[in-house]
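*Asks:* need a 3D model of the sequence below.
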Amino acid sequence: NKLSWRPASMHERTVVERDSVAVTNDEITAAVLMALMQKGIPTEGLEVELTLGTRQYYRPCEGQMQIDTVTVDPSGSRFAAIVAIVTPGEPRQTVAITGRLQRTVGVPVLLRPLRSGEVIDEHAVGWVQLPDRQVSSNAVRDRRTLVGQSARRALAPGAPVLVSDLRPTQTLAKGQPVTLLLQLPGMQLTARGIALEAGAIGATIPV
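*Replies:* From the prediction side, this is the model:
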């Protein structure tokens, strides 16, 4: 480096460092997802977990990181990739990495515990991404399906709610007075009655 310097003794040690940038896991993850998408693999809801251990990778400030190749095992749960650091005028540097792939799905969950029979309002419902293997095929996927329903049993927060955990909210109590309406062209009749069973909106009950 043309510096006017000599070691004072044979035991003196000098280290020359180069300005560099740490390659973050987020950068590598984004590059892997892009490479997978270019291979025609759907990446929506796909999470990448790198198995880098404690090793940290760096690139020169003027260098760029890219994925040279990426392969996925038959089960679709693991991948291997070659990460390249490309710097103008310098040899290409590559390193092999591996990791896991996990698909997630968005589901509505309860934000607080619910008692049996309690009606679910919109303030009690949140949204989370969970590994698809943890979500039953019987789980509610639409937030609107939860709101207004009653809990068939006590429900804990944070977990997917099953369709079998819900029942329509009883809007009419047994023994409650009701109005009967018969409507025909040119005629309308009303009468008072008593509900012989409890019922929800849309239910047919004896009166």
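*Asks:* remind me, longest helix of this structure?
*Replies:* For the chain, the longest helix by residue count, based on DSSP state H, is helix 25-38.
*Asks:* mind listing what's buried in that helix?
*Replies:* Buried positions in helix 25-38, judged by neighbour count with 16 or more other C-beta atoms under 10 Å: 28, 31, 32, 33, 35, 36. For the C-beta atoms, the positions are set from N, CA and C on the backbone; glycine is no exception.
*Asks:* who's in contact with residue 143?
*Replies:* Neighbour list for residue 143: 108, 122, 125, 127 [criterion: C-beta atoms under 8 Å, 6 or more residues apart in numbering].
*Asks:* same deal with residue 194?
*Replies:* Neighbouring residues of residue 194 by C-beta under 8 Å, 6+ apart: 175, 176, 177, 178, 207.
*Asks:* now the buried members of the residues you listed.
*Replies:* Applying 16+ other C-beta under 10 Å to the contacts of residue 194 flags residue 207 as buried.
*Asks:* kindly indicate which of the buried residues of helix 25-38 lies nearest residue 171.
*Replies:* residue 33 (47.3 Å; C-beta to C-beta).
*Asks:* from residue 45, how far out is the closest one?
*Replies:* 11 Å (C-beta to C-beta, to the nearest Å).
*Asks:* wait, residue 155 sits on residue 110?
*Replies:* Yes. Here residue 155 lies in contact with residue 110, judged by C-beta atoms under 8 Å, at a distance of 5.8 Å.
*Asks:* shared neighbours of these two, which are they?
*Replies:* Looking at what touches both residue 155 and residue 110 (by C-beta under 8 Å, 6+ apart), the common residues are residue 161.
*Asks:* pLDDT wise, what is residue 201 at?
*Replies:* The predicted local distance difference test score for residue 201 is 73.
*Asks:* residue contacts, the residue nearest to the spatial centre of the chain?
*Replies:* The structure's the chain has its C-alpha centroid closest to residue 129; by C-alpha atoms, centre = their mean the separation is 2.3 Å. For residue 129, the contacting residues are 45, 104, 105, 106, taking C-beta under 8 Å, 6+ apart as the criterion.
*Asks:* among those, which ones are buried?
*Replies:* Of all the contacts of residue 129 considered here, the ones buried according to neighbour count by 16+ other C-beta under 10 Å are 104, 105.
*Asks:* which ones among the contacts of residue 129 lie within strands?
*Replies:* In strands, judged by DSSP state E, the following of the contacts of residue 129 are found: 104, 105, 106.
*Asks:* and residue 140, how many residues sit next to it?
*Replies:* Using other C-beta atoms under 10 Å, residue 140 has 21 other residues around it.
*Asks:* correct me, but it touches residue 166?
*Replies:* Yes. Here residue 140 lies in contact with residue 166, judged by C-beta under 8 Å, at a distance of 7.3 Å.
*Asks:* which residues do the two both contact?
*Replies:* Shared between the contact lists of residue 140 and residue 166 (criterion: C-beta under 8 Å, 6+ apart) are residues residue 146.
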